[in-house]
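[1] Dropping the sequence and predicted coords here.
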Amino acid sequence: MSAEMDKLIDIVVTGKIKEAKDATQACLDAGHGPKDIVFEGLSKAMAIVGDKYAAKQYYLPQVLLSANTLYQGLNLVLPMLEGEGGAGKGTVVIAVVEGDVHDIGKNIVKAMLTGLGLTIHDLGKDVPVKDFIAKAKETNAQIIAESTLMTPTLAAMKEMESVLKEEGLKGKVKTMVGGGATSKEFADQIGADGWSYDAVEASQLASKLLGL
Ligand code: B12
């Protein structure tokens with residue numbers, strides 16, 4: 001850790017949106033790599049915000065302000081994680097499932113998978129199962145990656161498995177699930193092909209599923 005990283009974390013937690021970009025640049029100038037900034041800085045800051053929300057010290061407006069502040073930094077460093085990208089090692093359709101708008105984690109996973117040399121089709125957030133599958137068919141994707149942070153929307157991930165089965169695609173298109181509401185047990189229970197705790201593991205998982 002460094003004074004620059006501590007400052008960035010404080011800026012995100014307190015929602016000082018105008019200072020976030022410069023503070024992220026200051027971390028880069030101090031020698032922190034983009035991965036460090038995402039995982040040791042920005043993600044940690046969001047975890048602190050989450051704790052404050054859970055403790056009722058923060059309410060939604062503050063959480064939203066922190067999320068928007070975080071995006072100022074994320075938008076600067078994610079392209080660096082993505083590297084060249086699109087090297088044709090595989091194709092992934094990624095999105096946040098229907099009913100859920102939390103997209104920070106999904107965007108980090110997307111950057112890591114792009115950095116792996118995969119072609120990514122990002123459908124955004126609040127995306128119905130049928131749209132994931134239509135895109136996977138259209139692009140001949142090998143992987144569908146689904147994110148959710150909310151318990152009620154876990155049902156969509158279960159639905160994905162049964163629709164893939166009905167369409168005879170189960171096993172042909174592999175599914176990866178993740179996000180705060182998910183777990184290894186849940187993924188096993190619904191029959192998903194993989195689960196990971198964070199975006200670093202997500203890229204290892206994608207490599208494994210693609211046999212890279
Ligand atoms: C930021 C935030 C918001 C922001 C979201 C902004 C945005 N653009 O994303 C705003 C203010 C909009 C928001 C709204 C709401 N929120 Co909110 N929010 C959060 C908060 C504080 C942080 C989430 C976050 O960004 N974390 C940081 C990222 C980096 O972590 P991550 O998403 O987990 O991602 C990592 C891994 O999970 C993994 N991963 C993620 N996706 C994937 C996908 C795959 C395939 C893989 C392999 C891995 C993977 O890799 C990522 C990077 O390492 C959490 C609290 C928390 N502790 O999580 C609550 C939280 C998720 N929110 C919650 C709730 C309830 C809501 C609201 C319903 C509140 C309301 N009453 O309106 C609304 C949701 C509306 C909706 N329909 O979606 C609850 C969910 C409870 C539950 N289990 O159902 C939480 C847990 C807070 C709480 N303790 O109650 N929220």
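    Noted; the coordinates are in hand.
[2] quick one: contacts for the closest residue to I17 other than its chain neighbours?
    For I17, ignoring the flanking residues on the chain, the nearest one in space by CB to CB, 6 or more residues apart in numbering is T69 at 4.5 Å. All C-beta spots, glycine's among them, are computed from the backbone N, C-alpha and C. T69 sits next to I11, V12, G15, K16, I17, A20 when contact means CB atoms under 8 Å, 6 or more residues apart in numbering.
[3] Show me the shaky parts of this structure.
    Residue ranges of the chain with pLDDT under 70: 84-87.
[4] How about the residues of it by the ligand?
    43, 46, 49-50, 53-54, 60, 63-64, 67, 99-106, 108-109, 145-147, 149-151, 176-181, 196, 198-199, 202 (CB under 6 Å from any ligand atom).
[5] Pull out the buried residues from the helix or strand containing the residue nearest to I17.
    T69 belongs to helix 60-82 when assigned by DSSP states H and E. The neighbour-count check on helix 60-82 (16 or more other CB atoms under 10 Å) flags 62-63, 65-67, 69-74, 76-78, 81-82 as buried.
[6] any idea which element the residue nearest the centre of the chain lies in?
    Geometric centre of the chain, nearest residue: K106, 2.0 Å, by CA atoms, centre = their mean. For K106, the element it lies in under DSSP H and E is helix 104-115.
[7] Following the chain past that helix, name the next helix or strand.
    Next element after helix 104-115 (DSSP H and E): strand 119-122.
[8] Check which helices and strands that following strand sits against.
    If contacts are counted by 3 or more CB pairs under 8 Å, 6 or more residues apart in numbering; DSSP states H and E, strand 119-122 sits against strand 91-96, helix 104-115, helix 129-139.
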